[in-house]
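Enquirer: Attaching a predicted model along with its sequence, questions to come.
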Amino acid sequence: MLLHPPGPLGDCRSSYPTSKLAAVLVLLFERAGELRVLLTTRSKSLRAHPGQTALPGGKVDETDVDIVATAYREAHEEVGLPLNCPHVYTLCLLRPFLSSSKLFVTPVVAFLGDVSVLGGLTANAEEVDCIFDHPLEALLDPIIARKEPLVPIGSEHWPYEVELHSTTDTVLSWLNGATYRMHRFRSSASPIKGLTSEILTTTAEIAYARTPTYERFAPGQIKEFSILYRVLQDSGLNQVVMVSSAPTSGTVTPV
């Protein structure tokens with residue numbers, strides 16, 4: 001994963017307004033020989049996506065020296081991850097993902113070498129209801145999650161009849177009628193879905209060098225970010241985005 005390139009993005013970032021750039025931290029660690037990822041459940045008092053699963057992150061601040069600094073600053077503010085922690089190693093950046101609020105969200109993938117750091121994390125009560133983790137490989141094969149202390153089926157955090165993995169295909173008028181497949185994964189807390197599931201599935205595909213056991217994309221779904229960006233421009237939404245003040249976080253399409 002260290003050598004994973006972010007992909008050919010041309011001038012996508014430079015042509016997008018800074019106010020619409022964001023980053024999230026994909027913090028991986030190993031426990032019992034298994035690669036896991038740190039997640040949060042957003043506070044129910046937040047205006048944007050309350051109670052939903054998220055990766056620590058948010059919009060780029062003018063004081064951030066780069067997108068990596070944004071991810072670490074947000075992780076520090078949300079869960080108390082120490083800044084410049086000697087046990088955290090930045091691995092790579094992934095290509096940006098487009099959120100439902102038209103943010104360009106860049107995942108910063110990092111590895112935590114000392115799991116004792118997790119014991120010192122504290123949720124910022126204004127932004128985070130809880131901190132939890134999930135096996136990364138379960139994003140490729142949901143059956144792996146059966147060994148986890150999962151929330152009950154039919155409960156507030158998993159109101160579905162299926163055991164581990166739920167999908168819905170949606171036609172998006174704001175992307176010229178393109179179809180998007182929403183994935184939801186049962187966890188020990190809130191469902192992993194939307195932007196978070198998209199980012200983690202991509203991370204898992206790279207880490208394990210294989211594709212999911214399920215059909216990830218809907219028929220005709222846009223898979224390449226460069227194509228998605230061109231559709232966004234052709235539809236005229238790029239102009240809307242530049243003057244929008246929509247809140248941070250979201251999904252590649254609706255959550």
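Expert: In hand now; what should we look at?

Enquirer: And the strands in the stretch 1-150 of the chain, which stretches?
Expert: Secondary structure of the stretch 1-150 of the chain by DSSP state E, counting those that start in this stretch: the strands cover 21-31, 34-42, 53-54, 57-59, 88-93, 97-98, 104-112, 128-135.

Enquirer: Pick the most buried one from those strands.
Expert: Highest mean neighbour count among the strands of the stretch 1-150 of the chain (mean count of other C-beta atoms under 10 Å): strand 53-54, with a mean of 26. For every residue, glycine as well, the C-beta is placed using N, CA and C.

Enquirer: which residues touch that one?
Expert: With contacts defined as C-beta atoms under 8 Å, 6 or more residues apart in numbering, strand 53-54 is touched by 24, 39-42, 187, 189-193, 196, 249.

Enquirer: Can you give me the distance of the closest residue to Glu137 other than its chain neighbours to Thr203?
Expert: Spatial nearest neighbour of Glu137, excluding adjacent residues (C-beta to C-beta, 6 or more residues apart in numbering): Ile144 at 5.4 Å. Ile144 sits at a distance of 15 Å from Thr203 (criterion: C-beta to C-beta, to the nearest Å).

Enquirer: Settle it for me: which of the two has more neighbours?
Expert: Set side by side, Ile144 and Thr203 show more neighbours around Thr203, with 24 against 17, by other C-beta atoms under 10 Å.

Enquirer: Make sure Arg216 is indeed in a strand.
Expert: No - going by DSSP: H, G, I helix; E, B strand; the rest coil, the assignment for Arg216 is coil, not a strand.

Enquirer: can you pull the pLDDT of it?
Expert: Reading off the confidence values, Arg216 has pLDDT 97.

Enquirer: looking at it, His87 is touching Leu112, isn't it?
Expert: Yes - His87 lies in contact with Leu112 (C-beta atoms under 8 Å); the separation is 6.0 Å.

Enquirer: just for the stretch 101-250 of the chain, where's the confidence low?
Expert: Scanning the stretch 101-250 of the chain with the threshold set as pLDDT under 70 gives 232, 235-250.

Enquirer: 50 instead?
Expert: 238-250 (pLDDT under 50).

Enquirer: Run through the helices of it in chain order.
Expert: For the stretch 101-250 of the chain, the helices defined by DSSP state H, counting those that start in this stretch occupy 194-208, 225-234, 237-243.

Enquirer: Distance check, the residue nearest to Val151 when sequence neighbours are not counted against Glu126.
Expert: Computed as C-beta to C-beta, 6+ apart, the closest residue to Val151 that is not its neighbour in sequence is His157, at 4.3 Å. Applying C-beta to C-beta, the value for His157 to Glu126 is 21 Å.

Enquirer: measure the closest residue to Asp114 other than its chain neighbours to Leu35 for me?
Expert: What sits nearest to Asp114 in space, not counting adjacent residues and going by C-beta to C-beta, 6+ apart, is His87, at 3.9 Å. Using C-beta to C-beta, one obtains 16 Å as the distance from His87 to Leu35.

Enquirer: ok, now Ser188?
Expert: 16 Å.

Enquirer: which other residues reach stretch 60-73?
Expert: 18, 21-25, 56-59, 81, 83, 88, 90, 93, 106-108, 110.
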